[in-house]
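Undergrad: give me coordinates for this.
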Amino acid sequence: MTSPEGRPQSISGTTRLYGIMGHPITHSLSPMMQTFAFQQHRMDCVYMPFPVLPEHLGTAVAGAIALGVHGFNVTIPHKETIMAYLDDIAPAARAIGAVNTVHVQGGHTMGYNTDGEGFLQPLQALHLPFTSLTTCLLGAGGAARAVAVALLQAGCPDLVIANRTYDRAAQLAATLQEHFPQTHVRVVPFAEAASIARQSGLVV
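TA: Numbers count the residues shown, from 1 in each chain. Sure thing, here's the model as predicted:
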């Protein structure tokens, strides 16, 4: 095996194994990027692609545990279905309804979703007053769900969702309200999105 720069990579009995599960997976750049990051930090770790068919997902999770894999990322089409095979799921991932990162320790699996956190971190550097902002969210798909959960966890008091399909936005709002009862979550027709956006402190 070679490094991202083409140099042979040293692998020993103490090398920690990580990877990414998905199907298809050959297009993923994660193995190259993660392995490069490990090398830059002088960590004795390797990151591998794990092509896993949907019908083999449960077996793959059990196999990862048995082989001593320390953790793995999850991509399409497994982000939702993998939740049934994990021991625990972080609150944010449960609210989002999808997992993209699994930590394995002592045979115990814990699922996380880092999409929302990745969105929120740059905004936190701007010191935005999330606890007093009305936020207009355009969309109701998987990415929008992750962003919404991150914003509500940060203390956003008022979230307005506008989506081309109103029913999908209403379903998302109901789920969010269930997990964050202290927050005001409402839905408006997509035709009103521009007007709501002008009244909002943050538009996503």
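
Undergrad: can I take it that Thr109 is in a helix?
TA: No - judged by DSSP: H, G, I helix; E, B strand; the rest coil, Thr109 forms no part of a helix; its state is strand.

Undergrad: ok, now how distant is it from Cys45?
TA: Using CB to CB, to the nearest Å, Thr109 is found at 18 Å from Cys45. (C-beta placed from N, C-alpha, C; glycine too.)

Undergrad: which of these two has more neighbours?
TA: Thr109 (21 against 17; other CB atoms under 10 Å).

Undergrad: what's in contact with stretch 98-105?
TA: Stretch 98-105 is contacted by residues 61, 64-65, 69-75, 79-80, 82-83, 86, 89, 93, 109-115, 142, 145-146 when judged by CB atoms under 8 Å, 6 or more residues apart in numbering.

Undergrad: mind checking how far the lengthiest helix in the chain is from the chain centre?
TA: For the chain, the helix with the greatest residue count under DSSP state H is helix 166-179. Helix 166-179 sits 19 Å away from the centroid of its parent chain (CA atoms, centre = their mean, to the nearest Å).

Undergrad: just the C-alphas of that helix, formatted as PDB.
TA: C-alpha atoms of helix 166-179 as PDB (Å, rounded to 0.1, in the frame of the first residue of the first chain):
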ATOM      1  CA  TYR A 166     -45.000  21.600   1.500                       C
ATOM      2  CA  ASP A 167     -45.800  18.200   3.000                       C
ATOM      3  CA  ARG A 168     -42.200  17.200   3.300                       C
ATOM      4  CA  ALA A 169     -41.400  20.400   5.100                       C
ATOM      5  CA  ALA A 170     -44.300  19.800   7.500                       C
ATOM      6  CA  GLN A 171     -43.000  16.300   8.200                       C
ATOM      7  CA  LEU A 172     -39.600  17.700   9.000                       C
ATOM      8  CA  ALA A 173     -41.100  20.400  11.200                       C
ATOM      9  CA  ALA A 174     -43.100  17.800  13.200                       C
ATOM     10  CA  THR A 175     -40.000  15.700  13.800                       C
ATOM     11  CA  LEU A 176     -37.900  18.700  14.900                       C
ATOM     12  CA  GLN A 177     -40.700  19.900  17.200                       C
ATOM     13  CA  GLU A 178     -40.800  16.500  18.800                       C
ATOM     14  CA  HIS A 179     -37.100  16.500  19.500                       C
END
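
Undergrad: narrow the contacts of stretch 98-105 to those in strands?
TA: Gly71, Phe72, Asn73, Val74, Ile89, Thr109, Met110, Gly111, Tyr112 (DSSP state E).

Undergrad: of these, select the buried ones using a PyMOL command.
TA: Selecting only the buried entries of the ones in strands among the contacts of stretch 98-105 in PyMOL, with 16 or more other CB atoms under 10 Å as the criterion:
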select buried, resi 71+72+73+74+89+109+110+111+112
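
Undergrad: domains for the chain, by residue range?
TA: As given by automatic domain parsing, the domain ranges for the chain are 16-113, 116-203.

Undergrad: can I get those in JSON lines with distance to Ser10 and mean pLDDT?
TA: Below are those laid out as JSON lines (distance: least, CB to CB, whole Å; pLDDT from 0 to 100):
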{"stretch": "domain 16-113", "distance to Ser10": "8", "mean pLDDT": "97"}
{"stretch": "domain 116-203", "distance to Ser10": "31", "mean pLDDT": "95"}
